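Asks: model the following, please.
(one chain, ligands or ions: 2)
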Amino acid sequence: MSNQPSIEQELIQRGVTRRQFLRSCALMAAALALPTSAVDAIAQALASSTRLPVIWLEFQDCTGDTESFLRAVQRPDPAINGAQDPSLTSLLLDVLSVDYHETLMVAAGYQAEQSRADTMARSAGQYICVVEGSIPTALNGYCCLIGGKTALSIAEETTRNALMTVAFGSCAFDGGLAAASPNPTAAKGVKDAVPGLTNLVHIPGCPANVVNLVATIVYYLTYKKLPALDSLKRPTFAYGQTVHRNCPRRELDEAGAYGDAKHRAGGCLKELGCRGPVTYHNCPTVKWNDGTCWPVQAGHGCIGCTNPAFWDTMTPFYGGISDD
Ligand code: SF4
Ligand code: F3S
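Replies: Ligands and ions are numbered 1, 2, ... in the order given. The predicted model follows:
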């Protein structure tokens, strides 16, 4: 590991200037809700850290979180002479070394499974296990088999020696859609399927936001510990405030109907069923698709996708709610 280039060196090899690197560190500090004094600490950490190996497991899922991951692209920043500035999410490609990912890796079959085993052996206690999708426990787990092994046994085996396990997306958080009533596969999230994990972080969302995954890992690299978590094991920097609190539609608190003048003018969507007042997430500030938009900005109410059992507790999505 010590002979590998640091994250900063990898960025420089890709043509990123020192100024652009520091700008990315500043964006990361902002995403982590840290003061500007933290920028130096983040920069120093990324200058001395090598990329962390990642084993990305996919179980009962729709691949939405992987799609979210793939949105980690660069965008032009005209403020820097028209040059491409590494975006917040593109840091992901420099912070992580994804050694195993069923959907994205070239290897298949036995070769793919061997790469998971090799990563676990080579980087025991030093890799990050990202779990996407729920884990079925009915029928001894045979509802989801990969390489002849149940999702449950793979999760137990891979999380056991991980530096950190991230349950990424609402399905890995608490079972998500597959666990919605009547939950025919007895689907569970990581915490219930593999109880007792001490380094478990929940990043729920349907899908989850990659910025929050990167920020969690950058925080770990900088401070050698997990960020502060709430009672649901969600990082407070991302889940400490309601969607409603930071929503720009709050300023025009006049409810309308879809497509009418108030809706088009940016009116509040509460009467249309928006769950922003009871949902904790940093969507309004971090946004999606590399910071360009988010559901409420696009004109659709929040459906509360970061809440526990949201498919059962937040539906019907278009009924009004009370935030009293
Ligand atoms: Fe925004 Fe929804 Fe809150 Fe209205 S209810 S201000 S649309 S988050
Ligand atoms: Fe989810 Fe609501 Fe954000 S539905 S993506 S928490 S706006």
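
Asks: could you chop the chain up by domain?
Replies: 7-239, 241-324 (automatic domain parsing).

Asks: what ranges do the strands span in this structure?
Replies: Shown for the chain, the strands assigned by DSSP state E span residues 52-58, 75-76, 84-85, 96-101, 128-132, 135-136, 145-146, 149-150, 164-168, 187-188, 200-203.

Asks: columns mean neighbour count and mean pLDDT on top of these, output as a markdown table?
Replies: Every C-beta, even on glycine, is put in place using the N, C-alpha and C of the backbone. Below are these laid out as a markdown table (neighbours: other Cβ atoms under 10 Å; pLDDT from 0 to 100):
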| stretch | mean neighbour count | mean pLDDT |
| --- | --- | --- |
| strand 52-58 | 23 | 94 |
| strand 75-76 | 13 | 46 |
| strand 84-85 | 18 | 46 |
| strand 96-101 | 20 | 86 |
| strand 128-132 | 29 | 97 |
| strand 135-136 | 30 | 98 |
| strand 145-146 | 14 | 93 |
| strand 149-150 | 17 | 96 |
| strand 164-168 | 26 | 98 |
| strand 187-188 | 26 | 98 |
| strand 200-203 | 25 | 98 |
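
Asks: reformat those strands as CSV; add distance to residue 16.
Replies: Below are the strands of the chain laid out as CSV (distance: least, Cβ to Cβ, whole Å):
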stretch, distance to residue 16
strand 52-58, 19
strand 75-76, 14
strand 84-85, 8
strand 96-101, 16
strand 128-132, 23
strand 135-136, 38
strand 145-146, 36
strand 149-150, 40
strand 164-168, 25
strand 187-188, 41
strand 200-203, 26
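
Asks: between these, which gets nearest to ligand 2?
Replies: For ligand 2, the closest of the strands of the chain is strand 200-203, at 11.9 Å, according to Cβ to the nearest ligand atom.

Asks: alongside ligand 1, which residues does the stretch 201-324 of the chain contribute?
Replies: Counting by Cβ under 6 Å from any ligand atom, the stretch 201-324 of the chain comes close to ligand 1 at 243-244, 247, 249-250, 268-270, 274, 276-277, 296, 301-302.

Asks: would you pull up the residue in the protein closest to ligand 1?
Replies: residue 276 (2.3 Å).

Asks: about what we covered before: now, of the residues of the stretch 201-324 of the chain next to ligand 1, which are buried?
Replies: 243-244, 247, 249-250, 268-270, 274, 276-277, 296, 301-302 (16 or more other Cβ atoms under 10 Å).

Asks: check what pLDDT residue 287 gets.
Replies: If you check residue 287, the pLDDT there is 90.

Asks: my bad, residue 292
Replies: 84.

Asks: what's near enough to touch the residue in the chain sticking out farthest from the centre?
Replies: The centre of the chain is farthest from one residue, residue 261, which by Cα atoms, centre = their mean lies 34.7 Å away. Listed by Cβ atoms under 8 Å, 6 or more residues apart in numbering, the contact set of residue 261 is empty.

Asks: can you give me the helices for the chain?
Replies: 7-13, 18-31, 38-48, 64-70, 91-95, 109-122, 151-160, 170-174, 190-193, 210-223, 236-239, 261-264, 283-286, 310-313 (DSSP state H).
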